[in-house]
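**Q** Got a predicted structure plus its sequence, pasted below:
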Amino acid sequence: MSRSKQSEKILIFSAPSGAGKSTIVQHLMKTYPYLGFSISATSRAPRGEEQNGREYYFLTPAEFQDRIKNGELIEYQEVYKGFYYGTLRSEVERICFEGKIAVFDIDVKGGINLKKLYGERALSIFIMPPNVEALRERLRLRGTETEESIERRVSKATEEIGYASEFDLTLINDNLESCLKEAEMVVESFYNQ
Ligand code: ADP
Ligand code: 5GP
């Protein structure tokens, strides 16, 4: 497949927090060198081992607002009250220039907006948890969130699940291994089409 052909395509992954989206996206990034991860900007603080320029570009709230004013974001959302996340135009350009398929780990509303922007060039995938209680359990086991942050994330989940039908595909992440296999099939078929 030619470089220009791949550079027209994007893969969007959205899910309620704790559904396993980052686990799945990270697995795909390691497996397929023709994918390029779009590193978002965020005004939240780094957690755990996260590094600036690897998982996110960590900005102060004022820096984030400047990026919005300067038109540097192709989409952004206040995903949790006071915490902004957005897609940098420069990231999408960088990945396209490398001739790769851009991969987005993005909230549900952002995912729907990107799909509208890219149309047929985008494949949007919703990662569905087996149930809401599993989200709470997984977030607790991940050990990166306070109880307050867990409840904020879980309470958004029901609304987010209501948007699943607006995505091209839904993958249920109950058994991780089989979900990873399904995700691989989806990526390979998108790459080859
Ligand atoms: P998200 O990016 O959607 O918030 P993560 O990928 O960080 O979610 O996953 C949340 C936690 O759940 C992590 O600790 C991860 O290892 C775990 N996890 C992911 N998928 C499964 C699964 N199918 N079964 C059990 N635990 C899972
Ligand atoms: P977290 O704080 O767990 O890293 O991310 C919280 C949520 O923000 C996740 O659903 C994640 O996908 C989403 N997110 C990350 N980057 C972006 C982005 O660039 N735009 C939007 N709209 N959401 C994002």
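**A** Looks like it came in fine. Keep in mind that what you see is a predicted model, and the values were worked out from it rather than measured. Ligands and ions are numbered 1, 2, ... in the order given.
**Q** count of residues packed around the residue of the chain found nearest ligand 2?
**A** For the chain and ligand 2, the shortest gap (CB to the nearest ligand atom) falls at residue 110, measuring 2.4 Å. Every residue, glycine included, has its C-beta placed from N, CA and C. When counting by other CB atoms under 10 Å, one arrives at 22 neighbours for residue 110.
**Q** and it, what is it in contact with?
**A** Applying CB atoms under 8 Å, 6 or more residues apart in numbering to residue 110 gives the contacts 14, 75, 76, 77, 79, 85, 86, 87, 104.
**Q** pretty sure the second one is in a helix, no?
**A** No: secondary structure assignment places residue 75 outside any helix; it is strand (DSSP: H, G, I helix; E, B strand; the rest coil).
**Q** I'd say it and residue 117 touch.
**A** Yes: assessed by CB atoms under 8 Å, residue 75 is found in contact with residue 117 at 7.4 Å.
**Q** Between those two, which is the more surrounded one?
**A** Ranked by neighbour count (other CB under 10 Å), residue 75 and residue 117 place residue 75 first, with 20 against 12.
**Q** How about the contacts made by that one?
**A** Contacts for residue 75 (CB under 8 Å, 6+ apart) come out as 86, 87, 106, 110, 113, 114, 117.
**Q** beta partners of the residue found closest to the fifth one once you drop the neighbours it is linked to in the chain?
**A** Right, the one you point to is residue 113. Residue nearest to residue 113 in three dimensions, not counting chain neighbours: residue 75, with 4.9 Å by CB to CB, 6 or more residues apart in numbering. Counting by DSSP bridges, residue 75 is bridged to residue 87.
**Q** beta partners for the residue positioned nearest the centre of the chain?
**A** Centroid-nearest residue in the chain, with CA atoms, centre = their mean: residue 105, separated by 1.0 Å. Residue 105 has the following beta-bridge partners by DSSP bridges: residue 13.
**Q** what sits up against the longest helix belonging to the chain?
**A** Scanning the chain for the helix with the most residues, using DSSP state H, yields helix 176-192. The contact list for helix 176-192 (CB under 8 Å, 6+ apart) reads 1, 6, 9, 11, 20, 23-24, 27-28, 31-32, 34-35, 101, 123, 125, 127, 169, 171-173.
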